[in-house]
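K.L.:
Sequence and predicted structure below; questions after.
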Amino acid sequence: MADLKNLTEYKPTPKEESLLEVLTNPEHRMKTVTDICKIAKCDRSTYYDAFVKPGFIEIYKSRSKDLVGQAIAPVLNTFIREALRGSFQHGKVILEMADIYTERSKVDHAIKIRLEDVL
């Protein structure tokens, strides 16, 4: 329980905060560690030290999830629009997400019986 309390109380340093801002900016998603550190105005040791701290990792995960959450609505709207236009693939994904459709899998129930076992 003490570990959870420590995570909620964790405050990133100013350099770590700058690093978090760069890491959660979609424009920098495919950049190298060197480039990320340059943009965040921190050195590589700050980057690697931050990712050893559970509090930093939790903040990074939380902000990343928020970022993904912000992108979901436009993606869903696109899928719905394409499904309404008749796209089977888009409609299938929407129905799977709504837990209305599940692709059936074929199960082979073949059993081999030896004559000796029966007699």
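P.N.:
Sure, I can see it. Numbers count the residues shown, from 1 in each chain.
K.L.:
which residues of the protein score low on pLDDT?
P.N.:
When residues are selected by pLDDT under 70, those of the chain lie in 1-8, 105-119.
K.L.:
Quote the end-to-end distance of stretch 91-103.
P.N.:
With Cα to Cα, to the nearest Å as the measure, stretch 91-103 spans 13 Å from end to end.
K.L.:
mind listing what the nearest residue to residue 50 once chain neighbours are set aside touches?
P.N.:
Taking Cβ to Cβ, 6 or more residues apart in numbering, and ignoring the residues beside it in sequence, residue 50 has residue 56 as its nearest neighbour in space, at 4.6 Å. In short, each C-beta sits where N, CA and C put it, glycine included. Residues near residue 56 by Cβ atoms under 8 Å, 6 or more residues apart in numbering: 10, 12, 16, 20, 50.
K.L.:
ok, 7 Å please
P.N.:
If a contact means Cβ atoms under 7 Å, 6 or more residues apart in numbering, then residue 56 has 10, 12, 16, 50 as its contacts.
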